[in-house]
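Asker: need coordinates for the following:
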Amino acid sequence: MEQSILVASVIIGFALMVGFAGFGSAIGDGIIGSKAVESIARQPEARPNIFFFYLLGVGILEAFPIIAIALAFFLLIGGGNLGVMKALQSVAK
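Answerer: So this is what the prediction gives:
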């Protein structure tokens, strides 16, 4: 019983981590993109500088979902002997 609760909570945590990271990154990309277009429309001569910082911001923003997915897989596979894979092996025996 305890193993099934552990498995369910890890899977729910995995889904929440990946979902919120992806959703937050998508919202952030949209905000950064709209502000970059707005800035270029106001000052077209500053386009190279604005575009550089736009790409820098998007690159940093895209690192968060990758880190969240890595942490979620660490949780799923078995960080600290609490992962789903180890729990499923003991249930299957």
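Asker: what's downstream of the lengthiest helix in the chain, the next helix or strand?
Answerer: Longest helix in the chain by number of residues (criterion: DSSP state H): helix 2-42. Remark: after helix 2-42, the chain's next helix or strand is helix 47-77, criterion DSSP states H and E.
Asker: thinking again about what came up before, so what does the longest helix of the chain touch, helix or strand wise?
Answerer: On a contact count with 3 or more CB pairs under 8 Å, 6 or more residues apart in numbering; DSSP states H and E, helix 2-42 meets helix 47-77, helix 84-92. In this view, the C-beta of every residue, glycine as well, is placed from N, C-alpha and C.
Asker: ok, the residue nearest the centre of the chain to residue 35 distance?
Answerer: When CA atoms, centre = their mean is applied to the chain, the residue found nearest the centroid is residue 65 (2.0 Å). Noted for residue 65: a distance of 20 Å to residue 35, by CB to CB, to the nearest Å.
Asker: re earlier: tell me the angle the longest helix of the chain makes with helix 47-77.
Answerer: Direction vectors for helix 2-42 and helix 47-77, defined by axes from the mean of the first three to the mean of the last three CA atoms, to 10 degrees, enclose an angle of 180 degrees.
Asker: mean confidence (pLDDT) on helix 2-42, please.
Answerer: Averaged across helix 2-42, the pLDDT comes to 88.
Asker: now find how far off-centre it is within its chain.
Answerer: Computed by CA atoms, centre = their mean, to the nearest Å, the chain-centroid distance of helix 2-42 equals 5 Å.
Asker: ok, now stretch 51-61?
Answerer: 17 Å.
Asker: in that stretch, which residues are buried?
Answerer: By 16 or more other CB atoms under 10 Å, the buried positions in stretch 51-61 come out as 54, 57-58, 61.
Asker: using JSON lines, lay out those together with pLDDT and distance to residue 46.
Answerer: Below are the buried residues of stretch 51-61 laid out as JSON lines (pLDDT from 0 to 100; distance: CB to CB, whole Å):
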{"residue": "54", "pLDDT": "94", "distance to residue 46": "11"}
{"residue": "57", "pLDDT": "90", "distance to residue 46": "15"}
{"residue": "58", "pLDDT": "92", "distance to residue 46": "18"}
{"residue": "61", "pLDDT": "89", "distance to residue 46": "21"}
